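*Asks:* any chance you could fold what I've pasted below:
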Amino acid sequence: MARRLNHTIDRIWVRFGLWIAATSLCSIALMAASMLLFSELRYRDFYNGLPLAIREELDELRANAQDNSPRVRQIYSQYGNDDLLFGERWPLGIGLALCLPFGLAVGFWVSRRITRPLTSMVEAAQRVGEGDYSARALAGKTHGEMIEMIGAFNHMIDSVQALEEERRATAASISHELRTPLAVLQARLSALCDGVIAADAHEFQTLLAQVEHLGRMVADLHTLSMADAGQLSLHLQRLDLNALAAETVEQLRPQLQKSGMAVDLRLPLEEGLADIRADRDRMRQIISNLVGNAIRHAAQGGWLGLEIRAEASDDGRTWVLLCISDAGPGLPDEVRRQPFQRFAQAPGKRRREGSGLGLSIVRALTEAQGGTVRFDTSERGGTRFTLRFAQA
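*Replies:* Below is the predicted model:
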């Protein structure tokens, strides 16, 4: 109850209303005090101006609790001064003269206190608009909803900064990845034109490999751009993940055998228990990317594990998990921090067989189909990727 009350008080409109109410009460109290003080001063001036005999008579009447007697009213009427200086409007004017500066000062102070974080947000937004992504809004001494708003605003800047850094890194990596095969093609084609090298089948195979590498990169970039735009074409249907995984691994078995990797295929789920709603071609692409990634980077481990199992969550839902593991050296440190980032490994360190976009595509396709993907260490010390989909 107390926590809910504190949360309610922390709301901006509640705090602003309380400040306004407090300011109004203080202004009324100040006006009342000024009017009482002025009335007291006026009475003392009136009392000191009375003749001694009349003063003694007035004191006696007031001592006998006859403040409203006809004689007292007669004394006030005879000796009182009811001009503007001693009228009722003058104390009211004095009270207003005192309350107006007080109300303005408190109002400006409250407004400044409430709008200071907003001013900081405006300044930060202007700096970010000029390209300074280090700018952050300052919360100051505020709390409640304003703190949450400042936090959300700064988190938005963090996201924009991360996207900008990723964009720059992606642009640099794409230019590097494209420059190498293009340079190879240009050099070898120039050599062919000059007759330096023979135009035989081996040379054409070399040129074709470079073109295929460029084609894979362009296709991967197109897939990622479509996923980012939310326009990725998906044909969701009920499919048996057991059968699809076994089929995909069988298609990749020649590459696995060439790399000397033994396959440990564990599909213990009964028929129907591994059914999910997904796009068959996209799921095949996901499995192919993960297996291909293991072939390129973990072949020295000589082992590839593929397991499908069911898992029940606390809310009673059943999930189908696809785990692809290897016994390789694991992900490099620079990739481990952000394994699903595009070109997570620095240009020049990647093997030429890959485009550097495989894991990014895996995450994009998995999330587009309502799944999640994470990585950890496998039971043999390598890398394990775990994909989770809702059971159909």
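*Asks:* so which residues of the stretch 201-350 of the chain form helices?
*Replies:* Remark: helices assigned in the stretch 201-350 of the chain by DSSP state H, counting those that start in this stretch are 201-228, 241-258, 280-297, 333-337.
*Asks:* out of those, which is closest to His235?
*Replies:* helix 280-297 (7.5 Å; CB to CB). Placement of C-beta: from N, CA and C, glycine included.
*Asks:* what sits up against the closest one?
*Replies:* Here helix 280-297 makes contact (CB atoms under 8 Å, 6 or more residues apart in numbering) with 234-235, 237, 239, 241, 244-245, 247-249, 252, 255-256, 259, 261, 304, 306, 322, 324, 326, 328-329, 351, 353-354, 358-359, 361-362, 365-366, 368-369, 383, 385, 387.
*Asks:* quick one: the closest residue to Leu357 other than its chain neighbours from Tyr76, how far?
*Replies:* Excluding the flanking residues, the one nearest Leu357 by CB to CB, 6 or more residues apart in numbering is Asp220, at 4.1 Å. Relative to Tyr76, Asp220 is positioned 99 Å away (CB to CB, to the nearest Å).
*Asks:* neighbour count winner among the two?
*Replies:* Asp220 (19 against 13; other CB atoms under 10 Å).
*Asks:* tell me the pLDDT of the more buried one.
*Replies:* Per-residue confidence (pLDDT) for Asp220: 80.
*Asks:* do the same with the one 10 residues further on
*Replies:* In the predicted model, Gly230 carries a pLDDT score of 78.
*Asks:* what of Gly151?
*Replies:* Note for Gly151: predicted pLDDT of 86.
*Asks:* now do the helix ranked longest in the chain: which elements does it pack against?
*Replies:* In the chain, assigned by DSSP state H, the helix with the most residues is helix 145-194. Packing contacts for helix 145-194, counted by 3 or more CB pairs under 8 Å, 6 or more residues apart in numbering; DSSP states H and E, involve helix 89-129, helix 201-228.
*Asks:* which one of those has the poorest average confidence?
*Replies:* In terms of average pLDDT, helix 89-129 trails the rest of these, at a mean of 76.
*Asks:* could you check the angle helix 145-194 makes with that helix?
*Replies:* 20 degrees (axes from the mean of the first three to the mean of the last three CA atoms, to 10 degrees).
*Asks:* counting contacts, what elements does helix 89-129 pack onto?
*Replies:* Partner elements for helix 89-129 (3+ CB pairs under 8 Å, 6+ apart): helix 12-48, helix 145-194.
*Asks:* could you give the angle of that helix to helix 12-48?
*Replies:* Orientation check (the same axes, to 10 degrees): helix 89-129 against helix 12-48 gives 150 degrees.
*Asks:* follow-up on the earlier one: which of the contacts of helix 280-297 are buried?
*Replies:* Buried subset of the contacts of helix 280-297 (neighbour count, 16 or more other CB atoms under 10 Å): 239, 241, 244-245, 248-249, 252, 256, 261, 304, 306, 322, 324, 326, 328, 354, 358-359, 361-362, 365-366, 368-369, 383, 385, 387.
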